[in-house]
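[1] got a sequence here, can you model it:
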Amino acid sequence: GGVLFPGDGPGLEGHSDADALLHAVTDALLGAVGKGDIGDRYSNVDPRWKDADSLQFLQECAKELADEGWRVVNIDITVLAERPKISPAKEMIRSKNAQAVCIEPSRVGVKATTMEGLGAIGRGEGIACFAVATVETRL
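    This next block holds a predicted model:
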């Protein structure tokens, strides 16, 4: 979610910075206006995006939507992970995501839950993030 979590594990691995939360939010915005997904714009085989900051992806997509007359109303995010614990950074995540899409932090919901040890996520082998975005036209 744009926040670095200090930890005892290896972290997530990906072509960009592997920020699964920001990728989910970017996908939610693009999907809300029928513009595909993050992979259409920032391919994981394109060397330009190697180690890229996912906050840049979100900011660019939010700006494009704004330029086309869309306004982000709110974002709701759910993280499924055994670790890291999201709660200590929840307000910072809300703030960074809100700033990236030019809305008040009170319009960004951040929730997290564990899988209680079940499956790959429960074993700590990865995380999943889901996001929903509401947008409206500025007429």
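
[2] quick check: Val132 touching Ala28?
    Yes: between Val132 and Ala28 there is a contact at 5.6 Å, judged by CB atoms under 8 Å. (Each C-beta comes from the backbone N, C-alpha and C, glycine too.)

[3] identify the contacts common to those two.
    The overlap between the contact sets of Val132 and Ala28 (CB atoms under 8 Å, 6 or more residues apart in numbering) consists of Ile75.

[4] higher neighbour count, those two?
    Ala28 (24 against 15; other CB atoms under 10 Å).

[5] in what helix or strand does that one lie?
    helix 20-32 (DSSP states H and E).

[6] buried ones in that helix, by neighbour count?
    Neighbour counts over helix 20-32 (16 or more other CB atoms under 10 Å) mark 20-30, 32 as buried.

[7] buried ones in stretch 57-71?
    Buried residues in stretch 57-71, counting neighbours by 16+ other CB under 10 Å, are found at 57-59, 61-62, 65, 70.

[8] starting at the chain centroid, how far to it?
    Counting by CA atoms, centre = their mean, to the nearest Å, stretch 57-71 is centred 15 Å from the centre of its parent chain.

[9] try stretch 87-107
    Counting by CA atoms, centre = their mean, stretch 87-107 comes out at 11 Å from the chain centroid.

[10] kindly report the same for stretch 25-42.
    For stretch 25-42, the distance to the chain centre is 11 Å (CA atoms, centre = their mean).

[11] helices of this protein, start to end?
    In the chain, the helices defined using DSSP state H lie at 20-32, 38-41, 54-67, 90-101, 119-122.

[12] in JSON lines: those helices, plus mean pLDDT.
    Formatted as JSON lines, the helices of the chain follow (pLDDT from 0 to 100):
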{"stretch": "helix 20-32", "mean pLDDT": "96"}
{"stretch": "helix 38-41", "mean pLDDT": "90"}
{"stretch": "helix 54-67", "mean pLDDT": "95"}
{"stretch": "helix 90-101", "mean pLDDT": "97"}
{"stretch": "helix 119-122", "mean pLDDT": "94"}
